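Asks: Next comes the sequence, and after it the predicted model I'd like to discuss.
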2 protein chains.
Amino acid sequence: MFELIGYIAGICTATSFIPQAIKTFRSKDVESLSLIMYLIFNFGMLCWVVYGIYLQSVQMVLFNVICLCFSLPILCMIIFFKSKK
Amino acid sequence: MFELIGYIAGICTATSFIPQAIKTFRSKDVESLSLIMYLIFNFGMLCWVVYGIYLQSVQMVLFNVICLCFSLPILCMIIFFKSKK
C-alpha cells in the first residue's frame, strides 16, 4: 500500500513538468516563469541523479531523469525566449 | 561527499519554488504557468510526505514539506488569479 504511494509520488513529480513543457512550447510565453526557479530546480535534479547513482537506486535515477527530460527543456526555452525579446 | 550531494539536491529542489512563488505573488501574472503541472506536482509532493512518514525519514518529510509550502501557494495563486480574469 505505502510502496504504491511511493510509486504514485514518483510518477506524479516526474511527469508533472510535461504539461508545463507542452504549454510553454506551444505558447512560447515564458513571461510569468521564474528563471531562477528552473536554474535551481534543474541543478537539484542533476544532484538527485548523481545521488541516485551512488545509492544504486534504479527508481531514483529513473524518476529524476524523466523529470529532467522535461524541466531542462523548460529552462532552455525560458533562456531562449527571454533572449529573443 | 555523496551524502553532501544528497543534501544539496534536497535543498535545491525544496527551495526552488521560492523564487517562482515570490515572482507570481508580486506580478500576479499566471498566464504562462501550467495549472495541470501544479495540480499533479502538489499531489505528488503530498504522496512523498505520506511515503516519507511511512519510511520514518525525517529528511524526506522535511524537504517535501518545505517544497509544498511554496508550490501549494503557487497552485492557489494560479486558481485565484485565473478565476479573477
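Replies: Happy to help now that I have it.

Asks: Tell me the secondary structure at residue A:30.
Replies: coil (DSSP: H, G, I helix; E, B strand; the rest coil).

Asks: Surely it and residue A:76 touch.
Replies: No. Residue A:30 lies out of contact with residue A:76 (Cβ atoms under 8 Å); the separation is 10.5 Å. Yep, even glycine has a C-beta here, placed from its N, CA and C like the rest.

Asks: higher neighbour count, those two?
Replies: residue A:30 (20 against 12; other Cβ atoms under 10 Å in any protein chain shown).

Asks: show me the contacts for the more buried one.
Replies: Residues near residue A:30 by Cβ atoms under 8 Å, 6 or more residues apart in numbering or on different chains: A:24, A:77, A:78, A:81, A:82, B:32.

Asks: Can you give me the distance of the first one to residue B:17?
Replies: Which is residue A:24. To residue B:17, residue A:24 is 17 Å away according to Cβ to Cβ, to the nearest Å.

Asks: what secondary structure does residue A:51 sit in?
Replies: Assigned with three-state DSSP, residue A:51 falls in the helix class.

Asks: how close does it sit to residue A:5?
Replies: 21 Å.

Asks: and what of residue A:70?
Replies: 22 Å.

Asks: And the top helix by length along chain A, what's buried?
Replies: Secondary structure of chain A read by DSSP state H shows that its longest helix is helix A:58-84. Buried residues in helix A:58-84, counted by 16 or more other Cβ atoms under 10 Å in any protein chain shown: A:60-61, A:63-64, A:66-68, A:70-75, A:77-78, A:81.
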